[in-house]
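**Student:** Next input, structure requested:
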Amino acid sequence: MQTDLQVWKIYLDTCCLSRLFDVQTQLRVHQETQAIEQILTQFQVGHWAWISSNVLMEEVEQNPDPQQRAEIMDWLTNTYQTVSAGLSEVLRSKQLEILGFTEVDALHIACAESGDADIFLTTDDGILRRAKRNSSQLWVHVENPYVWLEGSEENEHIGND
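**Tutor:** Numbering: from 1, shown residues only. Sure, this is the predicted structure:
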């Protein structure tokens, strides 16, 4: 577990970034959106490091909404590190596909692993279920941003008592 003095290295998948544009009527969507906004703020002020990838950028570039695409690309200027999916990431993604991850999701996870991310955050329930089932075979912890942020805040509070 990280301490206050360490910087979290976090990979956000496209689902997280797109969550901010979803209709906010459901409690879960609203909670996840607030968590992602807090995480983006931590990136912006330099408290946490945002690990990205060319896979993420390519996926964002396919967003059909030009305003959303431009806003997300603007956020991506705050990345600490951008991992390029090379041969090792592609080979690793093939291993992850065998576990049931889609090709793109497997590439995202492989890039997060290559970037030494502490946590891979997603709002995609399918990814979360597969990651939980296969956690011992992943080199990065996968979690929902709201669940993770709530847990990290509790741990920081306990550590500061």
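**Student:** which residues touch the residue nearest to Asp116 when sequence neighbours are not counted?
**Tutor:** Excluding its sequence neighbours, the residue lying closest to Asp116 (C-beta to C-beta, 6 or more residues apart in numbering) is Lys9, at 6.1 Å. Any C-beta I mention is one placed from the backbone N, CA and C, and that applies to glycine too. Under the criterion of C-beta atoms under 8 Å, 6 or more residues apart in numbering, the neighbours of Lys9 are 48-49, 51, 80-81, 115-119.
**Student:** Go again with 10 Å.
**Tutor:** Applying C-beta atoms under 10 Å, 6 or more residues apart in numbering to Lys9 gives the contacts 2, 48-51, 80-81, 112, 115-119, 140.
**Student:** Next, it: phi, psi?
**Tutor:** The phi/psi pair for Lys9 (degrees, to the nearest 10) reads phi -110, psi 110.
**Student:** what does the one 10 residues further on give?
**Tutor:** Taking degrees, to the nearest 10, you get phi -60, psi -30 for the backbone angles of Arg19.
**Student:** That one: neighbouring residues, count only.
**Tutor:** 23 (other C-beta atoms under 10 Å).
**Student:** correct me, but it touches Val29?
**Tutor:** Yes - the criterion here is C-beta atoms under 10 Å, and Arg19 meets it with Val29 at 6.8 Å.
**Student:** where do the contact lists of those two overlap?
**Tutor:** Listed as contacting both Arg19 and Val29 by C-beta under 10 Å, 6+ apart are 123, 146.
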